[in-house]
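Enquirer: Here's my sequence, what's the structure:
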Amino acid sequence: MANLVNGFSKWPEVAECRHATVAIVGEIRHRRLLDFTQQELANLVNGFSKWPEAAECRQATVAIAGHVFRRVHKLSEFAPQGLANLVNGFGKWPEASECRQAIVAIAGEIRGRAGRLSGFTQQHLSNLVNAFSKWPEASNCRDATVAIANEVRCRAGGQSDFTPQGLANLVNGLSKWPERAQCRQAAVALGVGLLGRADRADGLSGFTQQELANLANGFSKWSDGTDCRDATVAIAGEVLSRADRADGLSDFTSQGLANLVNGFSKWLDGTHCRDATVAIAGEMLRRADQLSEFTPQDMANLSNGFSRWPEEAACHQAIMNIAHRLGSGGLRFAAFTTPALSTIANDLARECKRGEGSGEITETALLRDRLHQLAHHLHYATDRLERADALGITNIFRALAKARLFDDLGSLARAGLDRLQELHRAPGFATENNLESMGNL
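Expert: Predicted coordinates:
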């Protein structure tokens, strides 16, 4: 049965293969999981994961995850490929507690094998990091990823062996722990490898738009790294070349565009990064009637990125389009997280200040109105500021002050200052908040 599921999963788009796999799930329910070998369990999970939308496949995988978690002492008997397949499969249902528990347990096994990961292929390592990164708060996932980062770094010159998807998953996964020196060192090594590929005749044309976005977003977590910067500039160059095609960037997803802009905005001195962001802003203008497809977080990332180059007409107009729709439909204030709202408030205030200086009365009035509405929302959604961090409160207060919305600032002052007083009493306040933030406040 495991071999059948594994085989059928090679053609997930074929209805008969899906139906047959679902039928096998029904048979497995009547079998004891103890009767299956480790390899068979791994093959079943790997196969079921090709149909994550099928309830039967989810139920079977969750059952296997619970079985694996209860027999954690048996994880040492799994081969590298088996562990990688289990993690990759369980990762398709991250909302299932059994899948999370099993992955964290497997991460503990990988951590225990630190220094002995030579039996894992590049693809295995990539699959593991990709899954572990979905739970960055779990110490096992962090420590296992650090062990893998060491292995990646030690395979000097082997970065070219990674597939584009594997490379993107690794960089994106490592970026969930940017403060870890090992993750940074591995990301730098992967950045060097990416530059080597960019110098080839076909450049980065073999990377999908999603892979380019994941790479740019990942490298941006080390914005002080020269190799990470150069790798991102190479990615920006590839995006620019695709923007020149007849269909431009129309095949890029909304999240992909947002992640690219978020990554490019970390390097303001890169010409390619600026030009690629302008090209994406142009694509946003062409999608002006489809902004509902963008999530609030995507919008916050795009707004923040475009605001880095306000002198570019396309970037300015893209921000104005966001401002027009802000507060209604899919972009209603309640849909944004407080950090995202504080980011957008800062961006709108920056544009407002620029508009006042250049005499753009109508646009400035629109921007001030949106900031006023945002303040009105925060005044009645009292829990927002009561749970905000110091940087979020600072950005909101500074934005209202820049726009000279002093009545709105006054309406939020007490709640914000009470929260800041609470944060100030907590240990680590001085180290977590720099002098620039306090000066702005």
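Enquirer: ranges for the helices of the stretch 301-441 of the chain?
Expert: 313-325, 338-358, 361-380, 383-387, 390-402, 406-425, 429-432, 435-440 (DSSP state H, counting those that start in this stretch).
Enquirer: Just the residues contacting the fifth one, thanks.
Expert: Around helix 390-402, the neighbours that count as contacts under C-beta atoms under 8 Å, 6 or more residues apart in numbering are 338-339, 341-343, 345-346, 348-350, 352-353, 371, 374-375, 378, 385, 388, 406, 408-409, 412-413, 416, 419-420, 423, 429, 432-433, 437-438, 440-441. No exception for glycine: its C-beta is placed from N, CA and C like everyone else's.
Enquirer: Now do that helix against helix 406-425, angle only.
Expert: 160 degrees (axes from the mean of the first three to the mean of the last three C-alpha atoms, to 10 degrees).
Enquirer: go on, the third one?
Expert: Counting by the same axes, to 10 degrees, helix 361-380 points 50 degrees away from the direction of helix 406-425.
Enquirer: For the remainder of this discussion, apply numbering that starts at 738.
Expert: Noted, 738 is the first residue going forward, which turns the last one into helix 1098-1117.
Enquirer: Dump the helices of the stretch 1038-1178 of the chain into TSV; add distance to Gly826 and mean pLDDT as well.
Expert: Converted to TSV, those look like this (distance: least, C-beta to C-beta, whole Å; pLDDT from 0 to 100):
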stretch	distance to Gly826	mean pLDDT
helix 1050-1062	38	94
helix 1075-1095	32	91
helix 1098-1117	42	95
helix 1120-1124	36	93
helix 1127-1139	37	94
helix 1143-1162	41	94
helix 1166-1169	38	80
helix 1172-1177	43	78
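Enquirer: Those: which one's closest to Ser855?
Expert: Of all those, helix 1166-1169 sits nearest to Ser855, with 39.0 Å by C-beta to C-beta.
Enquirer: What is the closest one packed up against?
Expert: With contacts taken as 3 or more C-beta pairs under 8 Å, 6 or more residues apart in numbering; DSSP states H and E, helix 1166-1169 sits against no other helix or strand.
Enquirer: What lies in contact with it?
Expert: Ala1127, Leu1160.
Enquirer: Looking at Thr893 now. What's its pLDDT?
Expert: Not quite, residue 893 is Ala, not Thr. If you check Ala893, the pLDDT there is 62.
Enquirer: Over to Ser957?
Expert: Listed pLDDT for Ser957 reads 94.
Enquirer: roughly how far apart are it and Val908?
Expert: Using C-beta to C-beta, to the nearest Å, Ser957 is found at 10 Å from Val908.
Enquirer: Low-confidence bits of this protein, can you list those?
Expert: Scanning the chain for pLDDT under 70 picks out 893-897.
Enquirer: ok, which stretches of it are strands?
Expert: When secondary structure is read from DSSP state E, the chain shows no strands.
Enquirer: hmm, which of the contacts of helix 1127-1139 are the buried ones?
Expert: Under a neighbour-count criterion of 16 or more other C-beta atoms under 10 Å, the subset of the contacts of helix 1127-1139 counted as buried comprises 1075, 1078-1080, 1082-1083, 1085-1087, 1089-1090, 1108, 1111-1112, 1115, 1122, 1125, 1145-1146, 1149, 1153, 1156-1157, 1160, 1170, 1174, 1178.
Enquirer: for Asp1144, what are its contacts?
Expert: Asp1144 touches nothing, counting by C-beta under 8 Å, 6+ apart.
Enquirer: number of nearby residues for Leu927?
Expert: Neighbourhood size, Leu927 [other C-beta atoms under 10 Å]: 27.
Enquirer: Same question for Gln947.
Expert: 16.
Enquirer: quick revisit: okay, Ser957 and Val908: which has more neighbours?
Expert: Each of Ser957 and Val908 has its neighbours counted (other C-beta under 10 Å); Val908 has more, 29 against 21.
Enquirer: Ser1029 and Gly1066 touch, don't they?
Expert: Yes. With contact defined as C-beta atoms under 8 Å, Ser1029 reaches Gly1066; the gap is 6.1 Å.
Enquirer: How many residues are close by Thr1131?
Expert: Per other C-beta under 10 Å, the neighbour tally for Thr1131 reads 22.
Enquirer: dump the residue contacts of the closest residue in space to it that isn't next to it in sequence.
Expert: Excluding the flanking residues, the one nearest Thr1131 by C-beta to C-beta, 6 or more residues apart in numbering is Leu1178, at 4.6 Å. Contacts for Leu1178 (C-beta under 8 Å, 6+ apart) come out as Ala1127, Ile1130, Thr1131, Phe1134, Arg1135, Leu1157.
Enquirer: Can you name the two of those that sit furthest apart?
Expert: The span of the contacts of Leu1178, defined through C-beta to C-beta, is set by Arg1135 and Leu1157 at 13.3 Å.
Enquirer: Run through the residues that contact Leu927.
Expert: Counted by C-beta under 8 Å, 6+ apart, Leu927 has contacts Val889, Gln896, Phe899, Leu904, Leu907, Val908, Leu911, Ala968.
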